[in-house]
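Undergrad: take a look and give me a structure for this.
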Amino acid sequence: MDDVEVKRLIGEARAGNAQAFRQLVDGHYTIIYRMAFRFSGNKMDAEDVTQMACMKLAQNIGKFDGRSAFTTWLYQVVMNTARDHQRAQSRHERGAVEIGVVENTLSTSEDTQKSIETQQQLDAVRALPEGEREAIWLVFAEGLTHKQAADILGCAEGTISSRIHEARKKLVAGGQKNG
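TA: Below is the predicted model of the structure:
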């Protein structure tokens, strides 16, 4: 979906066209779900966050002013929704142990070892302080520039660089401890 199409759909959605809003969400659903999954760490919570984010998008599409790219605003909505969901979950402890969902059945011990290492790396990133974790996800997982991440998080580009530097130090130190 190109920028012209996105702008057209935003205009129509702001005017109350539900079909245009659906097309806008459908065109960005992969981004919404991917971010929700990265922040929540499991399929069930990612689906909840995705649904809540889509509802917030519908409620707030009229507030999008076009000063930033739509995807910048979209990332902000999804990240804020994920934060709210995590806070609500920590207040309402479920009492059940969360087990990560493995999409594919692993066939070899080498695949299993890689999967364990990947899960440990994801867990280490999820354990970082919120600002560092968000900077890591946006720059490395989403492939955004430091400037784009700064725009989304509402901070200076240097702050993103600093957060990534601190996160890397913590991840390396944690890896040396476990390795």
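Undergrad: and K169, what element?
TA: Using DSSP states H and E, K169 falls within helix 157-178.
Undergrad: what average pLDDT does that helix get?
TA: Averaging pLDDT along helix 157-178 gives 86.
Undergrad: residues touching it, excluding its own?
TA: 120-121, 124-125, 128, 131-136, 138-139, 146-147, 149-150, 153 (Cβ atoms under 8 Å, 6 or more residues apart in numbering). All C-beta spots, glycine's among them, are computed from the backbone N, C-alpha and C.
Undergrad: do that again at 6 Å, thanks
TA: If you take Cβ atoms under 6 Å, 6 or more residues apart in numbering as the criterion, helix 157-178 is touched by A124, L128, G131, E132, A135, I136, H146, K147, A149, A150.
Undergrad: from the residues you listed, which would you call buried?
TA: Buried by 16 or more other Cβ atoms under 10 Å: A124, L128, G131, E132, A135, I136, H146, A149, A150, out of the contacts of helix 157-178.
Undergrad: if we can go back for a sec, out of the contacts of helix 157-178, which are inside helices?
TA: Within the contacts of helix 157-178, residues falling in helices by DSSP state H are A124, G131, E132, A135, I136, H146, K147, A149, A150.
Undergrad: just the pLDDT for the fifth one.
TA: It refers to I136. For I136, the model assigns a pLDDT of 91.
Undergrad: now it: closest residue in space that isn't a chain neighbour?
TA: Excluding its sequence neighbours, the residue lying closest to I136 (Cβ to Cβ, 6 or more residues apart in numbering) is A167, at 5.2 Å.
Undergrad: just give me the neighbour total for the one you found.
TA: 22 (other Cβ atoms under 10 Å).
Undergrad: how close does it get to V77?
TA: 23 Å (Cβ to Cβ, to the nearest Å).
Undergrad: contacting residues for A150?
TA: With contact set as Cβ under 6 Å, 6+ apart, A150 has these partners: A156, E157, I160.
Undergrad: now list the buried members of these.
TA: Judged by 16+ other Cβ under 10 Å, buried ones among the contacts of A150: I160.
Undergrad: could I get the contacts of A150 as a markdown table with distance to L57?
TA: Formatted as a markdown table, the contacts of A150 follow (distance: Cβ to Cβ, whole Å):
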| residue | distance to L57 |
| --- | --- |
| A156 | 27 |
| E157 | 26 |
| I160 | 24 |
